[in-house]
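Participant: Structure for this input, please:
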Amino acid sequence: MPNFLGTPGGVRRRDARAVLATMDSFRSLISWRSYTHSWQLLGSHDSARIRTVVGDAARQEVAAGLLATMPGTPVVFAGDELGLTGGNGEGSRTPMPWHRPQSWDAGTFAAYRALLALRRDTPALRHGGLRWVHADADTLVFLREATAGTVLVLARRAAGPPVRLTGLPYGGSAASRPAGENVYGGAPALHPSADGSTTLPGDGPTFQLWHL
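Facilitator: Predicted coordinates for the structure are as follows:
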């Protein structure tokens with residue numbers, strides 16, 4: 001993608017701290033209500049497909065996880081959930097392969113369905129606040145908090161050192177699930193250590209979500 005959206009040089013690889021700084025800068029210009037009611041997209045008919053941008057299904061799942069758990073209205077460009085590819089707007093405007101289900105990426109389709117169902121069923125993901133708790137080169141960790149429950153989100157585009165956190169609000173919600181239960185991604189349940197800290201796994205790419 002040497003000319004992504006008219007930008008010479010293609011898609012730059014930025015670390016998570018730079019991404020977070022960019023998002024914070026954007027959010028500072030609009031109200032919270034405007035932000036939470038704005039569309040959030042990974043791509044459209046004017047851009048490269050997200051699968052092509054990130055390069056593989058594992059990183060697309062991380063991107064889709066962020067789409068489903070960040071504030072805003074998630075919008076899925078038709079075909080992204082099937083793993084379709086395209087290097088620019090014209091290449092992405094291919095017909096939906098309704099008649100060729102054998103060409104669909106079943107794992108990606110299942111991930112989108114599960115993530116969007118989780119958003120629908122979790123009030124904190126639809127109406128909760130946003131609190132960032134960690135960012136490093138390849139990792140973002142944040143909380144979505146509401147009176148009905150709190151969730152902890154871990155997004156990693158690559159493996160790295162485990163993340164140690166302190167001060168997580170275990171049991172501070174009315175959620176029916178046990179505190180620390182993993183509800184997406186398959187990681188173990190979380191338990192605070194004797195000093196009150198919690199360690200998140202270092203494998204990646206991965207997208208994980210826990211109820212607290």
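
Participant: Could you grab the helix/strand/coil label for the most centrally placed residue in the chain?
Facilitator: By C-alpha atoms, centre = their mean, the chain has its centre lying nearest to Leu66, at 1.4 Å. The local conformation at Leu66, judged by DSSP: H, G, I helix; E, B strand; the rest coil, is helix.

Participant: Kindly provide the distance from it to Phe142.
Facilitator: According to C-beta to C-beta, to the nearest Å, Leu66 and Phe142 sit 10 Å apart. For every residue, glycine as well, the C-beta is placed using N, CA and C.

Participant: for this structure, what spans make up the helices?
Facilitator: Listed from the start of the chain, the chain has helices (DSSP state H) covering 16-27, 32-36, 50-54, 57-69, 89-92, 106-121, 123-127.

Participant: where do the strands sit along the chain?
Facilitator: Ranges of strands in the chain, per DSSP state E, are 3-4, 7-8, 39-41, 73-75, 129-136, 139-146, 149-156, 163-166, 182-184, 197-200, 206-211.

Participant: re the thing from before, now do the contacts for the closest residue to the residue nearest to the centre of the chain other than its chain neighbours.
Facilitator: Nearest non-adjacent residue to Leu66, counting by C-beta to C-beta, 6 or more residues apart in numbering: Ala155, 5.5 Å away. Shown in contact with Ala155 (C-beta atoms under 8 Å, 6 or more residues apart in numbering): 62, 65-66, 139-141, 207.

Participant: mind running it again at 6 Å?
Facilitator: Under the criterion of C-beta atoms under 6 Å, 6 or more residues apart in numbering, the neighbours of Ala155 are 62, 65-66, 140, 207.

Participant: ok, the residue lying closest to Ala111 once chain neighbours are set aside to Arg33 distance?
Facilitator: Once flanking residues are discounted, Ala111 sits nearest to Glu61: 4.8 Å by C-beta to C-beta, 6+ apart. From Glu61 across to Arg33, the span is 30 Å (C-beta to C-beta).

Participant: cool, Ser44 as well?
Facilitator: Separation of Ser44 from Arg33 (C-beta to C-beta) stands at 24 Å.

Participant: And these two? Which one has more around it.
Facilitator: Between Ser44 and Arg33, counted using other C-beta atoms under 10 Å, the more crowded position is Ser44 (16 against 8).

Participant: Could I get the phi/psi values of the more buried one?
Facilitator: Phi and psi for Ser44, reported as degrees, to the nearest 10, are phi -150, psi -170.

Participant: Isn't it up against Phe77?
Facilitator: Yes - look at Ser44 against Phe77 with C-beta atoms under 6 Å: they come within range, at 5.3 Å.

Participant: Tell me how many other residues crowd the residue nearest to Ala158 when sequence neighbours are not counted.
Facilitator: Sequence neighbours aside, Asp138 is the residue nearest to Ala158 in space, at 4.2 Å (criterion: C-beta to C-beta, 6+ apart). As a burial measure, Asp138 scores 16 neighbours (other C-beta under 10 Å).
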